[in-house]
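1. Build the 3D model from these lines:
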Amino acid sequence: MNPKSSHPALQPKNDSALTRESWKIFQIMAEFVEGFERLAEIRPSVSIFGSARFPPDHPWYRLAESVARRLSDAGFSVVSGGGPGVMEAANKGAYAGRSPSVGLNISLPHEQENNPYQDLSLDFRHFFSRKVMFVKYASAYVVLPGGFGTLDELAEILTLVQTGKSRRIPIILVGSGFWKGLLEWFAGTLVQEGTIDREDLDLMQVVDNPREVVDAIFDYYETRDFEPSAEEREKLLQL
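-> Next up is the predicted model:
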């Protein structure tokens, strides 16, 4: 007999908290189903990330708006987190362009208020289901300066591509001055310690203006289609 079998943590529980958690799976399923159904037709799309804290007169806000407008006019749906700051700028630029502006909104105790520049708006309670939607239909990731949330999204896509759980797509960092220190740390510490390969640094590229963002995406897809291949679709099914 396992001596731990009588430990309280291993005993079955039947209380209201457990019942509530068990039923929560249906709420999570609903978020995935709605996301899959409503986002399946937005391809090709680009997911844009950046700080929620930049006001409309901030240079990074204005740059994000210009990037999104150029992408929208080039035929890309633009997907953002639906909130203020860079997210609002991305939706605003796309809203003024010819392709859909998409907001994946989430309820937060602070900072998150849905911006009004969304042709298609979805609401999430769970970060993990929302993050799947950012990846699943994206032809590229564009990452502007931001904080922990932005770094989380950057690390997420890098991990998925690095480990082969998602297809390779352009991952574009906007603002060479902002990202310089992080990239130097990647090269000088992570590569040197062997926690990543030097080739992993090639998953990202750094640009400084809207034209370079669009050019980088079209350059990547010059010899292939925006739509995932059969093999890539299989990967995306396993996200």
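2. quick one: what helix or strand has the most centrally placed residue in the chain in it?
-> Nearest to the mean C-alpha position of the chain, by C-alpha atoms, centre = their mean, lies Phe134 at 4.2 Å. Element membership for Phe134 (DSSP states H and E) is helix 127-136.
3. Next secondary structure after that helix?
-> Remark: after helix 127-136, the chain's next helix or strand is strand 138-143, criterion DSSP H and E.
4. distance between the longest helix belonging to the chain and the chain's centre?
-> Longest helix in the chain, counting residues (DSSP state H): helix 16-39. On the basis of C-alpha atoms, centre = their mean, to the nearest Å, helix 16-39 is displaced by 20 Å from the centre of the chain it belongs to.
5. do stretch 152-163 as well
-> 9 Å.
6. Report the rounded mean pLDDT for that stretch.
-> Averaged across stretch 152-163, the pLDDT comes to 97.
7. what does stretch 77-89 give?
-> 97.
8. where exactly do the helices run in this structure?
-> So, for the chain - with DSSP H - the helices run 16-39, 59-73, 86-96, 127-136, 148-162, 176-185, 192-193, 210-220, 230-237.
9. among these, which is the most enclosed?
-> helix 86-96 (a mean of 28; mean count of other C-beta atoms under 10 Å). Where C-beta positions appear, they are placed from N, C-alpha and C, glycine not excepted.
10. Run through who's touching stretch 222-238.
-> Arg43, Pro44, Val135, Lys136, Ser139, Gly164, Lys165, Ser166, Arg167 (C-beta atoms under 8 Å, 6 or more residues apart in numbering).
11. which ones are touching the nearest residue to the third one once chain neighbours are set aside?
-> Yep, that's Val135 we're talking about. Leaving out its chain neighbours, the residue that sits closest to Val135 by C-beta to C-beta, 6 or more residues apart in numbering is Ser166, at 5.8 Å. Ser166 sits next to Val135, Ile157, Leu160, Lys235, Leu236, Leu239 when contact means C-beta under 8 Å, 6+ apart.
12. what do you get if the cut-off is 7 Å, keeping everything else the same?
-> Contacts for Ser166 (C-beta atoms under 7 Å, 6 or more residues apart in numbering) come out as Val135, Leu160, Lys235, Leu236, Leu239.
13. Got the phi and psi for it?
-> Main-chain torsions, Ser166, degrees, to the nearest 10: phi -140, psi 160.
14. Arg43 now?
-> Dihedral angles (degrees, to the nearest 10) for Arg43: phi -70, psi 150.
15. Could you tell me the angle between the helix holding Phe134 and helix 16-39?
-> On the basis of axes from the mean of the first three to the mean of the last three C-alpha atoms, to 10 degrees, helix 127-136 is oriented at 20 degrees to helix 16-39.
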